[in-house]
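**Student:** just the structure for this:
(one chain, ligands or ions: 1)
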Amino acid sequence: MGKSTLVARLRDEVRFHFSVSATTRARRPGETDGADYHFVDEPAFRRMIAGGDLLEWAEYNGNLYGTPRAPLEAALAAGHDVLLDIEVQGAAQVRAARPDALFVFVAPPSVDALEVRLRHRGDTSPAEVARRLDIARRELAVAAEMFDHVVVNDDLDTAVAEVAGILAASEETDSP
Ligand code: 5GP
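**Tutor:** Now for the predicted structure:
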């Protein structure tokens, strides 16, 4: 099970506002516009960048992904925690903008296991699988030093419990 499956489980089990990213990537079967992503074309995405509407953005595998600033700030102002499912370049930008944020890197059990999962998912071409594996290798290389925690997404239930435990522990530390 991939990172988005883990995030979906967390959305059921932990109270937080999920930041719905904007992306120029094509919608995959089963994804809902406005819930999984805001699917936009590149000119619309570029307008969001120019307008300062994104807290962070990055190019990943030839597509643009970014975090809309307004809903995130509204959720924080209302006292909610906000969860962002983003890649490492974006995480570095959030780290700079919000040093108080908590960073959890969700690692595949191994690059080989990731390859098997992507191949079997059926919606990812062999060329795209190769590119995503290449990116994953580079992300893994920087993960340990950049993130506060690394959770290996081997068994889904265990990974969900680990992330939930990290969040609960950080709440305790934050409270007065
Ligand atoms: P996917 O195409 O598999 O949904 O996402 C590809 C990568 O983009 C994943 O690592 C995902 O976490 C990341 N991503 C999703 N939304 C955003 C975003 O708003 N900003 C950044 N920087 N990365 C994102």
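**Student:** show me what contacts the residue nearest to V104 when sequence neighbours are not counted?
**Tutor:** Nearest residue to V104 in three dimensions, chain neighbours excluded: H149, at 4.7 Å (C-beta to C-beta, 6 or more residues apart in numbering). Placement of C-beta: from N, CA and C, glycine included. Going by C-beta atoms under 8 Å, 6 or more residues apart in numbering, H149 touches L102, F103, V104, F105, I166.
**Student:** ditto for P71
**Tutor:** Under the criterion of C-beta under 8 Å, 6+ apart, the neighbours of P71 are H17, S19, V20.
**Student:** in stretch 78-89, what's buried?
**Tutor:** Residues V82, L83, L84, D85, I86, E87, V88 are the ones in stretch 78-89 that count as buried (16 or more other C-beta atoms under 10 Å).
**Student:** for the ligand, tell me which of those show up nearby.
**Tutor:** D85, I86, E87 (C-beta under 6 Å from any ligand atom).
**Student:** could you give the bridge partners of the closest residue to the last one other than its chain neighbours?
**Tutor:** It stands for E87. Nearest residue to E87 in three dimensions, chain neighbours excluded: Y60, at 5.2 Å (C-beta to C-beta, 6+ apart). Assessed by DSSP bridges, Y60 has beta-bridge partners N63.
**Student:** what's the helix or strand for the closest residue to the ligand within the chain?
**Tutor:** Nearest residue of the chain to the ligand, counting by C-beta to the nearest ligand atom: G90, 2.2 Å away. Following DSSP states H and E, the helix or strand that holds G90 is helix 88-97.
**Student:** how about the spatially most central residue of the chain, secondary structure?
**Tutor:** Computing the C-alpha centroid of the chain and ranking residues by C-alpha atoms, centre = their mean puts D85 first, at 1.7 Å. At D85, secondary structure determined by DSSP: H, G, I helix; E, B strand; the rest coil is coil.
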